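Fold the following for me, if possible:
(3 chains)
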Amino acid sequence: MTRQVPEPLLGLNGLSIAFGGLRAVQDVSLDVMPGTLTALIGPNGAGKTTLFALMSGFLQPDSGSVRFNGADITGRAPHLNARAGMTRTFQIVQPFAAQTVRENIAVGAHLHEPRRASALAAAEAVAQRVGLAPQLDKPAADLTVAGRKRLELARALATKPKLLLLDEVLAGLNPQEIAEMIPVVRSIADSGVTVLMIEHVMQAVMNLASHVWVLAQGQLIASGTPGEVTSDPQVIEAYLGPGAAARLQGAHLQGARLQGDGA
Amino acid sequence: MLEFGILFPSVLNGLTTGAVYALIALGLTLIYGVLHIINFAHGASLMVALYAVYLLKQHLGIDPYLALPIVVPGMFALGYGLQRYIINRASHGRDENILLVTLGISIVLENLALMFFKSDTRSIETPYTLTTVAIGPAMISLPKLVAFAGALVTSALLLWVVTRTDLGRAIRAVAKEKHGAKLMGIDVDHVYAMCFGIGLACLGAAACFLLPAYYVNPQVGSGFVLVAFTIVVLGGMGSFVGALVGGLLIGVVESVGGLFLGESLGQIGIFVIFITVLLFRPQGLFGAKA
Amino acid sequence: MKRDLAAIVLFTAVVLGVTATADSGVVLTFVMMTLYATLMAQAWNMLGGYGGQFSFGHALFFGTGAYVQAMAQLNLGLNAWLALALAVVVAAGVGLFVGALTFRYGLKGSYFALVTLAFAEVFRIIAVSVGFTGGGVGLMLPLQESFANLQFSSRRGYIMLVLGFVVAALGVTAWLRHSRFGAQLQAVRDNEDAARAIGVDPWRVKLGAITLSGGFMGAAGAFYVQVFQYIDPSIAFGPHTSVEALVAAIVGGMGTLWGPVLGALVLHLLADLTRNLFGQLPGLNMVIYGTVLVVIVMFLPRGLSGVGRSVRDAWRGRK
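Just a heads-up that it's a prediction; the model follows:
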């Protein structure tokens, strides 16, 4: 029986970009498999959002390539990528402030719905999915941070994406709001959308992601399950500084020794 | 037509005009570089300054060059007031609003002048208006030479203020990082208003140098606005060197262009440069890439 | 959409009613000139209010329409109605050209405003310098009143003509409020990057907006020529026309259906009032327009119709 090796939905190969002297992204390669919920983590300034911009076409890489759904889309315009099924959200939310929640989402729905009435109806359905239904007729400018994050998500969802790039969709939310958002993200993934999220909230990453990539100073330093990655000394050092892994290991051993004495 | 005897005076004339253009553009560049606003009222403000110089001569007999200590501080005050009390209040955080407000101010100024002075073109007469100086085969009018020297001196002064004084340091701090500057205790609103004031003060100086060799009417401002913008865009938004070089360059282009195409069509050359630069090299010759 | 269309029908009925019953030439002239100003404001509003691209040189399209209207009749011997169609198409074409050039290179905000100003100036200078446009003297249309010639003996005929265009402009604006194109255009206005991320092509929608806007503005220019039988470079491409269009739209309320109508009405009333009080002072009109612009931007950035909306929202009680 021949086993078919699944094609990655998104493939980055040797992606690099530098701004002046700053090498924001250096030689990053990774594959996102269809139907997965994966995460991209790393300390602030690691280049995660820049990587998203490179993937979705907002930035042109200096070198390397991006393949999506079997085609080379390196540097292709974002709106064309959205039409092909790759939609991204923004770390700093960007609502269409002058319009209502319904109208906001409808713009996303219009990608596939030419008629106004059906786009508005689709917007309503998406709003239900993310829990924005009670605020459909509110001006987007009136939403709280949590509401705006949901709006960002809803608008992207309305484009019926194959791949959803979520940039820190949980940033700025309190624990209650985070707890409410996590199932929403999971249900999106369960419905067949491939999701790649940039996230700082580790609880969400551990909870949701099946695979994690770690970016630090523009380079990919680890790739694996959440458990593997969070115990990787290199990753620990990237977040906590050089020597931290050893110190943690030392503290761990000391703790074990103390426990052994107490036994 | 390419004969040296005709080209050389044209180029010289272009340089003298260009120096004054540069001074006008410097004010605009300062305002843009620090406040990041495109001051549509720049041309109309120049017109106001020109009328001020004119009136001082006609009714008080004050020679334009001697009017510098009156007009320059006066224009400074006007600029400070406009920015602090009108433009500042209108922005509501949106760039487009500032655009509209400066447009509105320019319309008001221009048409107030039209109401009070009618559309007549006026010029002044001084004992040296018609004096010329020989430079090689060229006969350059003395007022133009004084304008050239005056513009360069004023520009140097401006550069000195921006680079060597405390105010200059504050201005550069605000231009680079507004919030950081605020946290350091710099009164950003005051700095903004100072910048605008200095920008208009440059116009005051330019007017004093310009009027003896030129004229004034209510529309003169709009004539200068687009030229000033072309220079700033060509030289690079926010670049002083760019404004200087751009000014001289445009002055020469206008003069030589007028030689070949006649005055009206020669002007088109400037606008074509403007549009082309904006489209293909918006950072200009010396500006930072956006 | 139905509500907007009903409102447009009501508006048309009211204007027709006033036109039919009014006897005085003053009233008819007022209606005609206000509708004319409305047309220009609506045109500007399509690009500025709904597209978010502020044009400071809208006279570019006005003058194009005006000169085409004049030259098509004088130089090409075309029928006035055909000339009108041509004027609109050419003006829209100029919009397409300028838009394609400027938006392709990503010009927006202040830079876009400046470029439109520069283009208007270039056209003005060309109109002054070139022979077949009549140079600085301009062009005059010979008086030949007839329906076929689009010249009417009474203001009523002209009112019908401009009303037709205004209704069309209102219809297009209503369409912008309830269509996919309009939704995409406003998305680009509100946040271009977010719009791109969800599949909107900013270049194409802006191009559509400037073409529509240019076409309607060109209609206004052609209308001017038929009414006044005269055009010259400074009327055609000068700042007065550009300013009138944008101030009316902003004062009334950008990005709304009725804002331009309201703005045109208010500005005209103001202009007439000052003319009655102070006489025909050159420049006074513009001083008022400029002052109103500054005041509105400072205190009522959503324009006069924004006041109505704020009152309505307060009445409903914002949740």
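
Show me what from chain C comes close to chain A.
C:1, C:178-180, C:183-184, C:186-187, C:189-191, C:193-202, C:255, C:318-319 (C-beta under 8 Å from any C-beta of the partner chain). Just so you know, the C-beta spots here come from the backbone N, C-alpha and C atoms, and that holds for glycine as well.

filter the residues you listed to the buried ones?
C:178-180, C:183-184, C:186-187, C:189-191, C:194-202, C:255 (16 or more other C-beta atoms under 10 Å in any protein chain shown).

Filter these down to just the ones in strands.
Among those, the subset assigned to strands under DSSP state E is empty.

Quick one: mark the members of the residues you listed that sit in helices.
C:Arg180, C:Ala183, C:Gln184, C:Gln186, C:Ala187, C:Arg189, C:Asp190, C:Ala194, C:Ala195, C:Arg196, C:Ala197, C:Pro202 (DSSP state H).

Just the strands from chain C, written as ranges.
Taking DSSP E as the criterion, chain C carries its strands at C:139-140, C:230-231.

just these: most buried one?
strand C:230-231 (a mean of 21; mean count of other C-beta atoms under 10 Å in any protein chain shown).

helices or strands up against it?
Packing contacts for strand C:230-231, counted by 3 or more C-beta pairs under 8 Å, 6 or more residues apart in numbering or on different chains; DSSP states H and E, involve helix C:59-74, strand C:139-140, helix C:202-228.

So which residues make contact with it?
Under the criterion C-beta atoms under 8 Å, 6 or more residues apart in numbering or on different chains, residues C:Gly63, C:Ala66, C:Tyr67, C:Ala70, C:Gly138, C:Leu139, C:Met140, C:Leu141, C:Gly221, C:Tyr224, C:Val225 lie in contact with strand C:230-231.

change it to 7 Å
C:Ala66, C:Tyr67, C:Ala70, C:Gly138, C:Leu139, C:Met140, C:Leu141, C:Tyr224, C:Val225 (C-beta atoms under 7 Å, 6 or more residues apart in numbering or on different chains).

Let's see the PyMOL selection covering just the buried ones among those residues.
Buried residues within those, by 16+ other C-beta under 10 Å, are selected in PyMOL with:
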select buried, chain C and resi 66+67+70+138+139+141+224+225
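
just to revisit the earlier point, out of the helices and strands packed on strand C:230-231, deepest packed?
By mean count of other C-beta under 10 Å, these have helix C:59-74 as the most buried, with a mean of 29.

average pLDDT across it?
Averaging pLDDT along helix C:59-74 gives 94.

which element is B:Asp120 on?
Under the criterion DSSP states H and E, no helix or strand holds B:Asp120.

What about the residue lying closest to it once chain neighbours are set aside, how many residues nearby?
Spatial nearest neighbour of B:Asp120, chain neighbours left out: B:Asn217 (6.5 Å); criterion: C-beta to C-beta, 6 or more residues apart in numbering or on different chains. Look at B:Asn217: counted by other C-beta atoms under 10 Å in any protein chain shown, it has 19 neighbours.

about what we covered before: dump the ones in helices among the buried ones among the residues of chain C next to chain A into TSV; add pLDDT as well.
Formatted as TSV, those follow (pLDDT from 0 to 100):
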residue	pLDDT
C:Arg180	95
C:Ala183	95
C:Gln184	96
C:Gln186	95
C:Ala187	95
C:Arg189	93
C:Asp190	92
C:Ala194	94
C:Ala195	95
C:Arg196	95
C:Ala197	94
C:Pro202	94
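
Where does the prediction get shaky in the stretch 1-150 of chain B?
B:1-2, B:93-94 (pLDDT under 70).

how about the residues of it near chain C?
Listed as neighbours of chain C in the stretch 1-150 of chain B under the rule C-beta under 7 Å from any C-beta of the partner chain: B:38, B:86, B:89-90, B:92, B:95-97, B:99-101, B:103-105, B:107-108, B:111-112, B:114-115.

Among these, which lie within helices?
B:89-90, B:95-97, B:99-101, B:103-105, B:107-108, B:111-112, B:114-115.

from these, which would you call buried?
Using 16+ other C-beta under 10 Å, the buried ones in these are B:90, B:96-97, B:99-101, B:103-105, B:107-108, B:111-112, B:114-115.

Now the two most distant members of the residues you listed.
Longest distance between any two of these is 28.4 Å, between B:Glu96 and B:Met115; criterion C-beta to C-beta.

which residues in chain A form strands?
A:10-19, A:22-32, A:37-41, A:63-68, A:71-72, A:86-88, A:163-167, A:194-198, A:211-216, A:219-224.

Turn these into JSON lines, columns for distance to C:Leu161.
Formatted as JSON lines, the strands of chain A follow (distance: least, C-beta to C-beta, whole Å):
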{"stretch": "strand A:10-19", "distance to C:Leu161": "57"}
{"stretch": "strand A:22-32", "distance to C:Leu161": "59"}
{"stretch": "strand A:37-41", "distance to C:Leu161": "61"}
{"stretch": "strand A:63-68", "distance to C:Leu161": "53"}
{"stretch": "strand A:71-72", "distance to C:Leu161": "53"}
{"stretch": "strand A:86-88", "distance to C:Leu161": "47"}
{"stretch": "strand A:163-167", "distance to C:Leu161": "53"}
{"stretch": "strand A:194-198", "distance to C:Leu161": "57"}
{"stretch": "strand A:211-216", "distance to C:Leu161": "64"}
{"stretch": "strand A:219-224", "distance to C:Leu161": "67"}
